[in-house]
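Enquirer: make a model of this:
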Amino acid sequence: EVQVVESGGGLVQPGGSLRLSCAASGFTDDDYNIAWFRQAPGKEREGLACISRTDGDTYYADSVKGRFTISSDNAKSTVYLHMNNLKPEDTAIYYCAGGAAYGIIAAWFDNWGQGTQVTVSS
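Expert: Here you go, the predicted structure:
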């Protein structure tokens, strides 16, 4: 059974940093990609970043480019989202998703985690 599990959320002050983790298991081979999304109350789910575990290619939404970095530790089957200079508008539930698709369109992914809450507030 394919599983992706997020961790690392919490409360952080504006301007602070946070690292989220996405642990993946159950994929039949290593040729899969992981993407990060977020959803704030009353808003649609927003794609943030994607990484190819095969060649390390990355893709970012314009809204987070330069502040967020996605990386992968293939030995640990874990993908990270490093978030810097956080703003109150970054407050949301953050999800990771895994599958064959490469991109940040939510409908392309079937395997989702339960989400981790990130709150940016002073």
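
Enquirer: rest of the way, CA atoms for contacts and neighbours
Expert: OK.

Enquirer: next up, the contacts around the residue nearest the centre of the chain.
Expert: In the chain, the centroid-proximal residue (C-alpha atoms, centre = their mean) is residue 36; its distance is 2.5 Å. Neighbour list for residue 36: 47, 48, 49, 50, 81, 94, 95, 96, 97, 104 [criterion: C-alpha atoms under 8 Å, 6 or more residues apart in numbering].

Enquirer: and if you look at residue 116?
Expert: Per C-alpha under 8 Å, 6+ apart, neighbours of residue 116: 6, 7, 8, 9, 10, 93, 94, 95.

Enquirer: narrow those to those that are buried.
Expert: Among the contacts of residue 116, those scoring as buried are 6, 7, 9, 93, 94, 95 (criterion: 16 or more other C-alpha atoms under 10 Å).

Enquirer: what about residue 107, neighbour count?
Expert: Using other C-alpha atoms under 10 Å, residue 107 has 7 other residues around it.

Enquirer: doesn't it lie inside a helix?
Expert: Yes - checked against DSSP: H, G, I helix; E, B strand; the rest coil, residue 107 lies within a helix.
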